[in-house]
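**Student:** model the following, please.
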Amino acid sequence: MTAVPVAISVRPDRAGATETAPEPRAMPTSGPLVDPFGRVHDDLRISVTDRCNLRCTYCMPDEGMTFLPRSMLLSFAEIVRVATVARALGVTSVRLTGGEPLVRRGLPELVSRLADVGLDDLALTTNGVLLAEQAQALADAGLDRVNVSCDSLRAERFGTIRRRGDLSTVLRSMDAAEAAGLSPVKVNVVLLRGHNDGEVLDFAAFARDTGRPVRFIEYMPLDADGAWARDQLVPGDEVLRRIEARWPLEPVATDPGPAPARSFRFADGHGEIGLISSVTQPFCGTCNRLRLTADGAIRNCLFSDDELDARAVLRHRGTDDELALMLRRAVWGKHPGHGINDPGFLRPARSMSMIGG
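**Tutor:** You can find the predicted model right below:
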């Protein structure tokens, strides 16, 4: 096996874990995408656009967002090429994100081409506004499942948080996705203290009534306004206590592996909830994710500003071997954790909609 010498350094503002950096050693150039801490990366998040048809308060300002010129976005052919190289390196799961991925015209075509890559899992995260009209086409193209964001079950509050769109459309989209076979439909809820945190039990009841797993997500410092504050997030353990006081829960798995959510089923067998506690209980130690932004940057962490420019390789006649080496370098440069809870934490320059969720 050949190796490329790479010195690993962990910046104090990104340490974020009890683990410390290993001694510098050679980066492997064969085998799986492994980082210096032994984490194998087999999950690729692909953002297809930075644009969105909503302006959720925890993500974008109501006005004034500047979006990438379309010429800077990767083409479908470029996205598929990166995914194909990643598949050869052991990536088995791809999730399409945005912005809002369904505003990208012709998305079923991309899904079809990615399905031909031979992945084990091909999924999509969406705000649900355009899903009902595209669900069947996406399923026919080879999409396996969807996650739908829905931050309130009350129409007025839904509108206040999202600023655009309406609750009935999103609920109808969940039905359409299930009818098309895009199951399980997981429901993502970002909880905001003083806004929708009073709906925890409503969403738990929704999970029980519909059979759709509801995942409660801690508010993260990735909003475009830069207004995030720790007292706005609702810790996952608080959510767990509130639900358990009404309905007993039991863990779905004792070892969730690299999954970001701690999953719990209702003890009586009616439904499931998940907790994504990225701030209060980071899952960095088992993280298996890489990200490809809409403009072709490879990122190894939501909270790291380290990026490698795959678009430059793609558009300057670079080889697949060069793309593979870039993916390996990205993984090998990964820090032990995101460092949100460190005193010197610096929030990323890009917001969530510009990175891809």
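
**Student:** contacts, neighbours, all on C-alpha from now
**Tutor:** Noted.

**Student:** tell me who's in contact with residue 326.
**Tutor:** Residue 326 is in contact with 308, 310, counting by C-alpha atoms under 8 Å, 6 or more residues apart in numbering.

**Student:** give me phi/psi at it?
**Tutor:** Residue 326 adopts backbone torsions of phi -60, psi -40, taken as degrees, to the nearest 10.

**Student:** okay, helices next: where are they in the stretch 151-300 of the chain?
**Tutor:** 155-162, 167-179, 200-210, 236-244 (DSSP state H, counting those that start in this stretch).

**Student:** can you check the stretch 1-150 of the chain too?
**Tutor:** Using DSSP H, counting those that start in this stretch, the helices of the stretch 1-150 of the chain run over 76-88, 107-115, 131-141.

**Student:** can you list the ones you listed in a markdown table and add mean pLDDT and mean neighbour count?
**Tutor:** Below are those laid out as a markdown table (pLDDT from 0 to 100; neighbours: other C-alpha atoms under 10 Å):
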| stretch | mean pLDDT | mean neighbour count |
| --- | --- | --- |
| helix 76-88 | 98 | 19 |
| helix 107-115 | 98 | 19 |
| helix 131-141 | 98 | 19 |
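
**Student:** got a markdown table for the ones you listed, with distance to residue 176 too?
**Tutor:** Shown next, in a markdown table, are the helices of the stretch 1-150 of the chain (distance: least, C-alpha to C-alpha, whole Å):
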| stretch | distance to residue 176 |
| --- | --- |
| helix 76-88 | 25 |
| helix 107-115 | 16 |
| helix 131-141 | 5 |
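
**Student:** and those: which comes nearest residue 38?
**Tutor:** Closest to residue 38 of these, according to C-alpha to C-alpha: helix 76-88, at 18.0 Å.

**Student:** would you map the strands across the chain?
**Tutor:** Under the criterion DSSP state E, strands of the chain are mapped to 3-6, 25-28, 43-47, 93-97, 121-126, 145-149, 186-191, 214-218, 249-251, 262-266, 272-276, 289-292, 297-299, 308-309.

**Student:** which of those has the lowest mean pLDDT?
**Tutor:** Of all the strands of the chain, strand 3-6 carries the lowest average pLDDT, namely a mean of 40.

**Student:** make CSV out of the strands of the chain and add mean neighbour count and distance to residue 132.
**Tutor:** Below are the strands of the chain laid out as CSV (neighbours: other C-alpha atoms under 10 Å; distance: least, C-alpha to C-alpha, whole Å):
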stretch, mean neighbour count, distance to residue 132
strand 3-6, 12, 47
strand 25-28, 18, 44
strand 43-47, 25, 21
strand 93-97, 24, 17
strand 121-126, 21, 11
strand 145-149, 24, 11
strand 186-191, 23, 15
strand 214-218, 25, 19
strand 249-251, 17, 32
strand 262-266, 21, 27
strand 272-276, 24, 24
strand 289-292, 26, 26
strand 297-299, 23, 30
strand 308-309, 17, 35
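
**Student:** distance to residue 202 for those - can I get that in a markdown table?
**Tutor:** Below are these laid out as a markdown table (distance: least, C-alpha to C-alpha, whole Å):
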| stretch | distance to residue 202 |
| --- | --- |
| strand 3-6 | 50 |
| strand 25-28 | 49 |
| strand 43-47 | 30 |
| strand 93-97 | 27 |
| strand 121-126 | 21 |
| strand 145-149 | 15 |
| strand 186-191 | 12 |
| strand 214-218 | 11 |
| strand 249-251 | 16 |
| strand 262-266 | 14 |
| strand 272-276 | 12 |
| strand 289-292 | 31 |
| strand 297-299 | 36 |
| strand 308-309 | 43 |
